[in-house]
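> Structure, please.
(chains A, B and C)
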Amino acid sequence: MSELLLPPEHRYAKIMKEKLNDDGSELSILNLGPTHPATHGIFQNILLMDGERILEAEPTIGYIHRAFEKIAENRPFYQITPLTDRMNYCSSPINNMGWWMTLEKLLDIEVPKRAQYLRVIVMELARISDHLICNSILGVDTGAFTGFLYVFQFREKVYEIYEEICGARLTTNMGRIGGFERDWSPEAFRKLDLFLEEFPVAWKEFENLFVRNRIFMDRTINVGAITAEEAISYGFTGPNLRAAGVDYDVRVAQPYSSYEDFDFIVPVGKSGDTYDRFCVRNAEVWESLSIIRQALAKMPAGNEYHAEVPDYYLPPKEDVYTSMESLIYHFKIVMGEVPVPVAEIYHPVEGGNGELGFYLVTDGSRTPYRLHFRRPCFIYYQAYPDMIKGALLSDAIVILSSLNVIAGELDA
Amino acid sequence: MSNSNIKIVEAPEGYVGEGFFATKLNDVVGLARANSLWPLPFATSCCGIEFMATMGAHYDIARFGSERLSFSPRQSDMLLVMGTISKKMAPVLRQVYEQMSEPRWVIAVGACASSGGIFDTYSVLQGIDKVIPVDVYVPGCPPRPEQILDGVMKLQELVKSESVRRRSSPEYEALMASYNIK
Amino acid sequence: MALENTVIQDKLTETFGENVFHFNQEKDIFSFEITADKITAVILFLKNDPILRFNFLTDLCAIHYPDNEVDRQITMVYHMHNWYDNKRVKIKAFINGDKPEIKTICNIFKSANWMERETYDFYGVDFIGHPQLKRILNMDEMVSFPMRKEFPLEDGGRTDKDDRFFGRTIDNC
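Okay, here's the model as predicted:
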């Protein structure tokens, strides 16, 4: 092994030298990552192994640390959404909307009901696409590539809906303070309807492929289990916590964007193992579909898609070129001459992986004084070494992908 | 096989006669290399997800002879660097490149790998060409799968026209020396 | 029954007296300040008190105020959440900017471990009693604490971008 990744004076090397098993066999060190093909991202774990069993693990993170928080201190408020996109890139609209809602809380802006419902739809779509990746990749790691290839086509359909809404596929940079940058096109609603029609069929098939599959069950049940107490102490939130049996969901505890108007259940597991995490995510996808249907049915009439806050809402480009008033507002917003209260805000949203919090401190200037992201992945990944202790090496891979650790969110 | 719709790459220029076909060795080797590029995906962040889409059924990178992902650097021809490379990651990337055997090509996918992108910060490497030589740059943040495919096709053009002797030329040695790669 | 702010305030002042102060409601979060050396006691009290029951550490971070007097330059911010009554609190503790030190709480909440390491990485805050206080996101060789206000965002050593053309203070070239 290269010295680059494991210094020779590492404590495991010492343990290895001193400790011999009774039958004379030796312990070994395995360096898993940072570019291991099975880890879907940049995670390095130095494992101390006894044969196939993991005795101890030491994770190293920070391989794609991009200094989001420092950049945020140097960017005006409306330029921070691109950063949130790139945090959890599997469900970027949730991050975008979370950031706009933080600002709206700061500025006391009331978003029209219709825009709130549109936000709910796009956030639930993001949740579906996030869980879809996580569960299908878990399938790949247990040896079922077909499911991944099959449901990934529907991720493309979600991308197409995003494209209709904002023009981008993955890093959406969607929305504005007070709503959306434009109304959704009829095509977006048509594609959404089509998605709601086709996707459940495919998802049902995908579910059938795994849920009672003997191989899958053997690989996942009682693998990487964590108790509710441990999970809470380790700061778990989101599906991983709910799999351990705690029904904490920010959408219910602190409803934002009119989540209180919708009727949905919070699926919980029991044992907190990999199988339960799979099932919780699976059930959440069904709930998300139901929320989207409810939102479409309850959608208020009209075409209101943003709040009337000319001080903060960037005017449409064609108006900027033709009307004086819009030009002035545009100039004022871009140059940062709009009033911003001095305040401290914490706003949580239920991201794909748990409570995604934005802690914003302002000092009245055009940029945040301090912006801290509570990144769920970063907080719960520290439980990983404990979870794989005593497990087999192949289980470690399965546990990692069932936790759905997104490198971008982990390292910020 | 006239009723088959399987497309086969065109044969290089050459002299056809009865029972034989004469052409340059360069062209044949280039043809073979270009249509069986084994990619090594070095995916760190967002662009990696778009590469997954490129791999998937919808965009299907297999059409270009690159469906066989080689996660071992030793057996791959084309290193696809997708996503931000931080300074902490740079030595690892370099080591992966060094482990690849010649001939090897590199595609920098996305703005971050090409130039650091929007992350002009203390922790991010401002473009992977600071540590390894790059053949094709694909812009975009992240690039669409079509763009990634276009990058692969551009690389195929390069590979096709590359001389078999290039890797032992003094120019190439000088390039490697400028990156301190032995 | 919801947990009232006054209940929290009364219980805290009763136990910690002068060490807990500046109670106020900021938007939707009840917040207060404590003296830094009481941090573990306060967190433990909030967690274990049968009425308060703040069972979850939501977030932990620091803020740098270089313009304050030296004893109040770095603020530690702790967010706690009571899931039974669905109540959040924010706790602040000001510490010295030149020699930032505070006791660790990672033996109370395991999740604090990496959050404290991150804070150390960004601000150089020394968490006394932390089992493995070393850099987590940046390289071990790094000497600066990048989130402190005096350090620039960009890497001064880079050569491909000339700061003069980006409207920034000249750092390179």
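> Just give the number of residues close to the residue of the stretch 201-350 of chain A found nearest chain C.
Minimum separation of the stretch 201-350 of chain A from chain C (Cβ to the nearest Cβ) falls at A:Gly235, amounting to 2.9 Å. The way it works is simple: take the backbone N, C-alpha and C, and place the C-beta from them, glycine included. Around A:Gly235 sit 29 other residues, with neighbours defined as other Cβ atoms under 10 Å in any protein chain shown.
> dump the residue contacts of it.
For A:Gly235, the contacting residues are A:Ile379, A:Tyr380, A:Gln382, C:Phe56, C:Leu57, C:Thr58, C:Phe109, C:Lys110, C:Ser111, by Cβ atoms under 8 Å, 6 or more residues apart in numbering or on different chains.
> filter the residues you listed down to the ones near chain B?
The overlap between the contacts of A:Gly235 and the neighbours of chain B (Cβ under 8 Å from any Cβ of the partner chain) is empty.
> For the helix or strand harbouring A:Phe195, which helices and strands make contact with it?
Assignment of secondary structure by DSSP states H and E places A:Phe195 within helix A:186-210. Contact partners of helix A:186-210 among helices and strands, from 3 or more Cβ pairs under 8 Å, 6 or more residues apart in numbering or on different chains; DSSP states H and E: helix A:113-141, helix A:145-166, helix A:274-298.
> and it with helix A:113-141, angle?
Using axes from the mean of the first three to the mean of the last three Cα atoms, to 10 degrees, the interaxial angle of helix A:186-210 with respect to helix A:113-141 works out to 30 degrees.
> For helix A:186-210, list every residue counted as buried.
A:Ala188, A:Lys191, A:Leu192, A:Phe195, A:Phe199, A:Ala202, A:Trp203, A:Phe206, A:Glu207, A:Leu209, A:Phe210 (16 or more other Cβ atoms under 10 Å in any protein chain shown).
> and the residue of the stretch 201-350 of chain A closest to chain C, what pLDDT?
What the model reports as pLDDT for A:Gly235 is 92.
> now it: how far from A:Gln382?
Going from A:Gly235 to A:Gln382 by Cβ to Cβ, to the nearest Å gives 8 Å.
> Find residues that contact each of these two.
By the contact definition Cβ under 8 Å, 6+ apart, A:Gly235 and A:Gln382 are jointly contacted by C:Lys110, C:Ser111.
> C:Tyr123: neighbouring residues, count only.
A count of nearby residues for C:Tyr123, using other Cβ under 10 Å, gives 23.
> Could I get the phi/psi values of it?
The phi/psi pair for C:Tyr123 (degrees, to the nearest 10) reads phi -120, psi -10.
> Show the pLDDT at it.
C:Tyr123 carries a pLDDT value of 93.
> Tell me the secondary structure at the residue nearest to it when sequence neighbours are not counted.
Distances taken as Cβ to Cβ, 6 or more residues apart in numbering or on different chains put C:Ala62 closest to C:Tyr123, at 4.7 Å, once the chain neighbours are dropped. Assigned state for C:Ala62: strand (three-state reduction, DSSP: H, G, I helix; E, B strand; the rest coil).
> Checking my notes, C:Tyr78 in a helix, right?
No: read with three-state DSSP, C:Tyr78 is strand and lies in no helix.
> Please list all residues in contact with it.
With contact taken as Cβ under 8 Å, 6+ apart, C:Tyr78 is in contact with C:Ile39, C:Ile43, C:Leu57, C:Asp59, C:Leu60, C:Lys90, C:Ile91, C:Lys92, C:Ala93, C:Ile105.
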